[in-house]
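[1] quick one: sequence and predicted model below, then my questions.
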Amino acid sequence: MSEDELYREQILEHYKRPHNFGELTPHDLEAFEQNPLCGDELGVHIQVDDGRIADLRFHGHGCAISQAAASIASDELKGMPLDQAGSLSADWMIDLLGIPISPTRRKCALLNLKVMRRAITGDSGWPTGVG
Amino acid sequence: MSEDELYREQILEHYKRPHNFGELTPHDLEAFEQNPLCGDELGVHIQVDDGRIADLRFHGHGCAISQAAASIASDELKGMPLDQAGSLSADWMIDLLGIPISPTRRKCALLNLKVMRRAITGDSGWPTGVG
Amino acid sequence: MPQAASTRQPAAGLAEGGAPASLAVREDFPILARRLQGRPLIYLDSASTSQKPAVVMQAMDEHLRAHNANVHRGVYALAQEADAAYEGARATIAGFVGWEPESTIFAKNVTETINLVAYAWGLDNLAAGDAVLITEMEHHANVVPWQQICRRTGAELRYLHVDERGELSSGELAQELARGDVKLVAFAHVSNVLGTINPVAEMTATIRDAGAISVVDGAQAVPQMPVDVRALGADFYAWTGHKALGPTGIGVLHGRREILESMEPFLTGGDMIAAVDFQRSTWNELPYKFEAGTPPIAEAVGLAAAVRYLAGLGMERVRAHEQELTARMLKALAEVEGLSVVGPPEPQRRGGLASFTIEGLHPHDIAELANREGVCVRAGHHCAQPLMRRLGVGSTARASVGVYTEPREIDALAAALRKGREVFGL
Amino acid sequence: MPQAASTRQPAAGLAEGGAPASLAVREDFPILARRLQGRPLIYLDSASTSQKPAVVMQAMDEHLRAHNANVHRGVYALAQEADAAYEGARATIAGFVGWEPESTIFAKNVTETINLVAYAWGLDNLAAGDAVLITEMEHHANVVPWQQICRRTGAELRYLHVDERGELSSGELAQELARGDVKLVAFAHVSNVLGTINPVAEMTATIRDAGAISVVDGAQAVPQMPVDVRALGADFYAWTGHKALGPTGIGVLHGRREILESMEPFLTGGDMIAAVDFQRSTWNELPYKFEAGTPPIAEAVGLAAAVRYLAGLGMERVRAHEQELTARMLKALAEVEGLSVVGPPEPQRRGGLASFTIEGLHPHDIAELANREGVCVRAGHHCAQPLMRRLGVGSTARASVGVYTEPREIDALAAALRKGREVFGL
Ligand SMILES: Cc1ncc(COP(=O)(O)O)c(C=O)c1O
Ligand SMILES: Cc1ncc(COP(=O)(O)O)c(C=O)c1O
């Protein structure tokens, strides 16, 4: 792959200045996950209003892929019905990122989805399709 | 090796009609050993008189090599000072047998020495040189 | 990348009955071209360890020469190739016996896998008042771990008896379970001494109905007959690579996911953790939770090549071949004077082996005398001392066949035994 | 029979200081001829697993093609060849680190060997009121087994601290021992993250004087420096084949005979017993008592070829080479902007690796960016999460060298890191 495919401008932009990062007090839902392969950590705080995600914040540390994925996803998640957000697929996330992801980096790209899911449904497994 | 080297007449003779096989009641010393590789078992009863082996009997079951070795050795052991009998070397036994012994069959050939040693000295290790 | 599967479909030689008496695969096994003491190698000890087809050595060699890296942690391309090779091997091996990769665990041999269940399930689920039930025909690998865990936990170890045909009785299993204290039953799919094929599906159903866990030792079954772990209904099914045409250094455990998830890990260390803090750790998902440290990577790749080779032959054909040879062996042995075979008389009720004794010839001497004719047979207790005691023998000789065994090799065994009797003047 | 040792004595390239900057052995390692994504492979992940010289694959291949049989039980000639190969390998491997074969035990990896000591020694010798002492720089393989055994026995797990140089303090070891409750101390010979070489002989003497047992994890030491287990004075010394140019599937434990003899076995089953009765068993002599089931036979043969190869190079030369490269690496990395290396600054106080972070570049991205230039480095917690916590980082990137590493590969790493910073606009 050529250099700019994976680390293209938009990804690096989100990595350096992530959207919706930080904490939310008070919040209605929260979860925290680690990627066992690298020790990266991501947490989420969610405020719920009328069955929808009214606001959310991610926190933690990770690589460009996991941070950019969380940042990009966060823009989409605001306003989304909870049940929809809780069942988003791996493909949804990968498509949204729009970059080629190797098998090893898939877990980075999907870490935020895993955290989201755990916050909403209590399910701590990887989103299906994580391989 | 040619056939009759290992299973020569004398070996088969001792195997079929072993000397000093059976039990001795009463006896002064006794021991019992198994060859962990094949489950063969050999026991010995010894009567002691004035620091010497006055009489002894082997019992148990085993292959031609282990039985013949016990039989041949038993003739030599009678009358031997206990301390000498307890420290006989592997080479002594192999020489006495007078046949070529492969590494695997060495434990068969030396089983009777191991039992003897345990009866006399309490040592249950294989005679040195067993490899 | 793993070697491509052998697509070769060897023609089967047809024996009298139309069954494949030879699978005509000898040239796939380099060792069979060897001569020992000037005689061709006649290898009748496959139940102890199988010989390996060249595709297995090639797959391992190719892996180590071109794709070697550690697994599960590398970002770089070479590490991703190693991951793909190792996890691809797991999928192939699990699929070969109809199980899912996620609950297929690699260990170093089948012995380790049974220890895994004994320690990791047993330490937390057994206590005084409980019982573990095994059978008199078990290999030490399926005896001693249960003795030890019963000692540590205070549970009782009981045995199902072997009848004079060398078989278990389903009535006795039901009776034992009816006592209400049995928490786990462990037994062999195929006995490595008697050859007996146990009715696994029937037994696991009875065990499950009684609320107990079943552990099946498939070491002798997977190499020689079609095995569908799901259809067999076992909670744990274990086997070993080196008997199934694969390399040493790898064993396989298939486990029911819910049970594996409920268990504490066994070996701990790298790769099997989710997070390690100073005082406590959490565990990785299945199957990794049970694979501590660097796994047998090249060995998994080699075993995958072996099962692809077996699948290429077709396990139905392999079974037919072994049954045909077993029939021939039972017949040939019966004609040797003073010889008695243990285990069921019907070839279709047994795996490809025969254990026997000869009046006046100790098994060690039988093996030595056979070796003079180039015939490799095993002598001893075959790691089944409780069974030897039950059979009232110290040891037996055992001849066992593999996919590469030819009818003439059976005949050579019988001839060697006759000659051996003569040496001993019998 | 095992392959003959490589007698080739490669000429060493001479670096500025006269030290062997290259051992000129690249052509012995087939994988190094590979190109990945059009670029030559620059393998800087030897601390994770080493690449293998062709003699290792050849030895395994040759063993499986010509001498394969199960060990320890066969009367026939082929089985005796297998025995000789396996026990010959044990003697070679034990001799390589100056230990005796009888108390040199093979397992599947170093992780299993530490679990062996933790379970088999720990279950019977630890209780509430006792303490196990490890260090903050341990690999999970030398952390989690002690957590688990302390949980099961009620013993306390304590840590020796790592100072800002990445080293232990001998004062703290003495203090901890003076508390009188420490029964066992486990620590790495060489840290897989910091590179720190611990003063093993001094530490084991202190530990022995305090009446405690020492367990040394030599996984990173044996591949890269002369190791004399007797001189080091450890009660247990463990290492792993795949990092020492050998195959996967084999680990080695050297233990003090009296302690091994006093212990219950760990894994139980075939080969490790003296006699098995229905309810109890007795154990075989050392080392077999601790080797249950079919051992990693071909793997032992492969590892013996690996250590013969290393011995042929000369471990003093190997150490000089790695030190030279480490010096070069520390210098080259220091010149990359925003980069910090962890561990002792002096090359002579460390093994052949450097773990580092770069401001604004996550280690995963460092590894990904290096991979684009064909450079293989590892990123993550390196199975040392407690240490990561202590260092206050989530993860690091790590570059590590082997006997085949060339100075130009170090330079390629530095160039790749500079290029990576540019990609990220740093
Ligand atoms: C210091 C140290 N100890 C233990 C291990 C574990 O080795 P293995 O995975 O071969 O058991 C490693 C390597 O991963 C290591 O670097
Ligand atoms: C029925 C059975 N179970 C277990 C084993 C032990 O296998 P391994 O030595 O590979 O652990 C064997 C073979 O020796 C066997 O025949």
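    Thanks, I have the structure now. Numbers count the residues shown, from 1 in each chain, chains lettered A, B, ... in the order given. Ligands and ions are numbered 1, 2, ... in the order given.
[2] avg pLDDT for stretch A:112-120?
    Average pLDDT, stretch A:112-120: 94.
[3] identify the residues contacting that stretch?
    With Cβ atoms under 8 Å, 6 or more residues apart in numbering or on different chains as the test, stretch A:112-120 has contacts from A:29-33, A:42-44, A:46, A:58, A:66, A:69-70, A:73-74, A:77, A:82-83, A:85-86, A:88, A:90, A:92-93, A:123-127. Placement of C-beta: from N, CA and C, glycine included.
[4] tell me, which of those residues make contact with chain C?
    Residues of those in contact with chain C (Cβ under 8 Å from any Cβ of the partner chain): A:Gly125, A:Trp126.
[5] so where's the chain uncertain?
    Chain wasn't specified; assuming chain A. In the predicted model of chain A, residues A:1-4, A:128-131 satisfy pLDDT under 70.
[6] wrong chain, I was asking about chain C
    For chain C, the stretches flagged by pLDDT under 70 are C:1-20.
[7] one more time with 90, if that's ok
    Low-confidence segments of chain C, defined by pLDDT under 90, are located at C:1-22, C:36-38, C:72-74, C:170, C:274, C:394.
[8] name the residue closest to the centre of it, please.
    Per Cα atoms, centre = their mean, the C-alpha nearest to the average position across chain C is that of C:Ala219, at 1.2 Å.
[9] did I read that right, C:Val318 in a strand?
    No: C:Val318 is assigned helix when assessed by DSSP: H, G, I helix; E, B strand; the rest coil, not a strand.
[10] my read: it touches C:Leu23, true?
    Yes: under the criterion of Cβ atoms under 8 Å, C:Val318 is in contact with C:Leu23, at a separation of 7.3 Å.
[11] and chain A, which residues reach chain C?
    Counting by Cβ under 8 Å from any Cβ, the residues of chain A that sit close to chain C are A:Gln34, A:Pro36, A:Leu37, A:Cys38, A:Gly39, A:Ser102, A:Pro103, A:Thr104, A:Arg105, A:Gly125, A:Trp126.
[12] next, count neighbours for the first one.
    For A:Gln34, the number of neighbouring residues by other Cβ atoms under 10 Å in any protein chain shown comes to 21.
[13] which non-adjacent residue is nearest the residue in the stretch 101-250 of chain C positioned nearest to ligand 1?
    Taking Cβ to the nearest ligand atom, ligand 1 has its nearest neighbour within the stretch 101-250 of chain C at C:Lys108, 11.8 Å off. Among residues not flanking C:Lys108 along the chain, D:Lys108 sits closest, at 3.9 Å (Cβ to Cβ, 6 or more residues apart in numbering or on different chains).
[14] could you check how far the one you found is from D:Thr240?
    Note on D:Lys108: its distance to D:Thr240, by Cβ to Cβ, to the nearest Å, is 9 Å.
[15] spit out the residues that contact these two alike.
    In the contact map built from Cβ under 8 Å, 6+ apart, the residues linked to both D:Lys108 and D:Thr240 are C:Gly293, D:Ile250, D:Gly251.
[16] strands - which of those land there?
    Restricting the shared contacts of D:Lys108 and D:Thr240 to those inside strands, with DSSP state E as the criterion, leaves D:Gly251.
[17] dump the shared contacts of D:Lys108 and D:Thr240 to JSON lines, plus neighbour count.
    Converted to JSON lines, the shared contacts of D:Lys108 and D:Thr240 look like this (neighbours: other Cβ atoms under 10 Å in any protein chain shown):
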{"residue": "C:Gly293", "neighbour count": "27"}
{"residue": "D:Ile250", "neighbour count": "33"}
{"residue": "D:Gly251", "neighbour count": "30"}
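[18] within reach of ligand 1, which of the shared contacts of D:Lys108 and D:Thr240 are there?
    Subset of the shared contacts of D:Lys108 and D:Thr240 in contact with ligand 1: C:Gly293, D:Gly251, counting by Cβ under 6 Å from any ligand atom.
[19] which one of the shared contacts of D:Lys108 and D:Thr240 is nearest chain B?
    Closest approach to chain B among those (Cβ to the nearest Cβ): D:Ile250, at 23.0 Å.
[20] my read is that that closest one contacts D:Val301, right?
    No: the pair D:Ile250 / D:Val301 is not scored as a contact, 9.7 Å apart, by Cβ under 8 Å.
[21] most proximal residue of chain A with respect to chain B?
    Of all residues in chain A, A:Pro36 sits closest to chain B, at 42.8 Å by Cβ to the nearest Cβ.
[22] settle this for me: that residue is touching C:Ile273, isn't it.
    Yes: checked against Cβ under 8 Å, the pair A:Pro36 and C:Ile273 is within contact range at 6.5 Å.
[23] anything in contact with each of those two?
    Shared contacts of A:Pro36 and C:Ile273, defined by Cβ under 8 Å, 6+ apart, are found at C:Asn284.
[24] how about the residue sitting nearest the centre point of chain A: what's its closest non-neighbour residue?
    If you average the C-alpha coordinates of chain A and look for the closest C-alpha using Cα atoms, centre = their mean, you land on A:Asn112, 2.4 Å from that point. Spatial nearest neighbour of A:Asn112, chain neighbours left out: A:Ala70 (3.7 Å); criterion: Cβ to Cβ, 6+ apart.
[25] and that neighbour, what does it touch?
    A:Ala70 makes contact with A:Pro18, A:Phe21, A:Leu42, A:Phe58, A:Gly62, A:Leu111, A:Asn112, according to Cβ under 8 Å, 6+ apart.
[26] how many residues are close by the first one?
    The reference is to A:Pro18. 18.
[27] quick revisit: who touches both of C:Val318 and C:Leu23?
    Taking Cβ under 8 Å, 6+ apart as the contact criterion, the residues that touch both C:Val318 and C:Leu23 are C:Val403.
[28] how about whatever residue of chain A ends up closest to chain C: what's its closest non-neighbour residue?
    Proximity of chain A to chain C (Cβ to the nearest Cβ) peaks at A:Pro36, 4.6 Å away. Nearest-residue entry for A:Pro36: C:Ala274, 4.6 Å, with adjacent residues in sequence omitted and distances by Cβ to Cβ, 6+ apart.
[29] and the gap between C:Gln37 and B:Gly98?
    22 Å.
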